[in-house]
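**Student:** Below: sequence and its predicted model.
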Amino acid sequence: MKLHANVIGEGKPFLILHGFLGMSDNWKTLGKEFADAGYQVHLIDQRNHGRSLHSEEFNYLLLAKDVKEYIDTHSLENCILLGHSMGGKTAMMTASLFPHVVDKLIVVDISPKYYAPHHQQILEGLKAIDDASLTSRGDAEDLLAEYIKEKGVRLFLLKNLYWKSKEKLGLRLNLEVLIKEIEAIGEALPSDKTFNKPTLFIKGEKSGYIKKEDEALIASHFSSSEIVGIPGAGHWVHAENKKAFYDAIMRFL
């Protein structure tokens, strides 16, 4: 099995895909809330992230096929599929390629358009950690602070740390491949890919990822879509205004 997942609760399957450099653990708190609301929540690590398969290949077609294989392996039907950022791109691709397995689609703070690479500073910081043979989490945070000012972003990235051996910390990410394939992260959804079942786009009102001019493009790919803004939230919408985010999803469902 290529994809590792934590499954919580019983009910209609609700699959959650994290963003670039994230992992399923980032969604644990919200996952529990969705499970309490009566869903079987699948918190999935995508390829080259978390505990899932590390591979030399990395693109949205493969990521979507990974999700479809996961759905088939677990005999899931009529799934709700949610993806944040990179996970949103995977979710869009999955829903457009395999619409028969997706009942409703939720895309968080990303549009179908092309995005130029913009994670260089973060990747340099992670590479420095990877190269440094660190023996304490504190040292890792100090080193990362030289590259990334925002403490919240550092703490999010440091979730990837684990003890490779008794003495040495490592990263769960396949960093080498993610650096090599950085262009693939920003790829646009191909213009012929569409999905006509209910779709919710959620944007952080302080985030620049979904702009006014993206609305026509979104509608051209997703004919039954709506866009909801979450006040006071940037790109990490689900962390920055969790209650409004949760409420918007439950209204949609």
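**Tutor:** Received, thanks. Numbering: from 1, shown residues only.
**Student:** hey, let's count contacts and neighbours off CA atoms from now on
**Tutor:** OK.
**Student:** so which strand or helix has residue 125?
**Tutor:** Residue 125 is located in helix 120-131, with elements delineated by DSSP states H and E.
**Student:** Pull out the buried positions in the helix or strand just after that helix.
**Tutor:** Of the helices and strands lying after helix 120-131 in sequence (DSSP H and E), the nearest is helix 137-145. By 16 or more other CA atoms under 10 Å, the buried positions in helix 137-145 come out as 140-141, 143-144.
**Student:** ok, back up a step: can you spell out which helices and strands pack onto the helix holding residue 125?
**Tutor:** Counting contacts by 3 or more CA pairs under 8 Å, 6 or more residues apart in numbering; DSSP states H and E, helix 120-131 packs against helix 137-145, helix 175-180.
**Student:** change it to 7 Å
**Tutor:** helix 137-145 (3 or more CA pairs under 7 Å, 6 or more residues apart in numbering; DSSP states H and E).
**Student:** Can you name the residues that contact the residue nearest to residue 163 when sequence neighbours are not counted?
**Tutor:** The shortest distance from residue 163 to any non-neighbouring residue, by CA to CA, 6 or more residues apart in numbering, is to residue 169 (4.5 Å). Shown in contact with residue 169 (CA atoms under 7 Å, 6 or more residues apart in numbering): 133-135, 161-163.
**Student:** just to revisit the earlier point, please save the CA atoms from the helix holding residue 125 in PDB.
**Tutor:** Below are the C-alpha coordinates for helix 120-131, written out as PDB (Å, rounded to 0.1, in the frame of the first residue of the first chain):
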ATOM      1  CA  GLN A 120      12.700  28.100  -1.800                       C
ATOM      2  CA  GLN A 121      13.500  29.600   1.700                       C
ATOM      3  CA  ILE A 122      11.600  26.800   3.500                       C
ATOM      4  CA  LEU A 123      13.300  24.100   1.400                       C
ATOM      5  CA  GLU A 124      16.700  25.600   2.100                       C
ATOM      6  CA  GLY A 125      15.900  25.600   5.900                       C
ATOM      7  CA  LEU A 126      14.800  22.000   5.800                       C
ATOM      8  CA  LYS A 127      17.900  21.000   3.700                       C
ATOM      9  CA  ALA A 128      20.100  22.600   6.400                       C
ATOM     10  CA  ILE A 129      18.400  20.500   9.100                       C
ATOM     11  CA  ASP A 130      18.700  17.400   6.900                       C
ATOM     12  CA  ASP A 131      22.500  18.000   6.400                       C
END
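**Student:** Outline the domain layout of this structure.
**Tutor:** 5-115+186-252, 120-180 (automatic domain parsing).
**Student:** For these, please prepare TSV with the additional fields mean pLDDT.
**Tutor:** Below are those laid out as TSV (pLDDT from 0 to 100):
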stretch	mean pLDDT
domain 5-115+186-252	97
domain 120-180	92
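**Student:** Need the winner for burial among those.
**Tutor:** Among the domains of the chain, domain 5-115+186-252 has the highest mean neighbour count (mean count of other CA atoms under 10 Å), at a mean of 19.
**Student:** Now do residue 204 against residue 70, distance only.
**Tutor:** 29 Å (CA to CA, to the nearest Å).
**Student:** and if you look at residue 213?
**Tutor:** 34 Å.
**Student:** now do residue 12
**Tutor:** For residue 12, the distance to residue 70 - CA to CA - is 15 Å.
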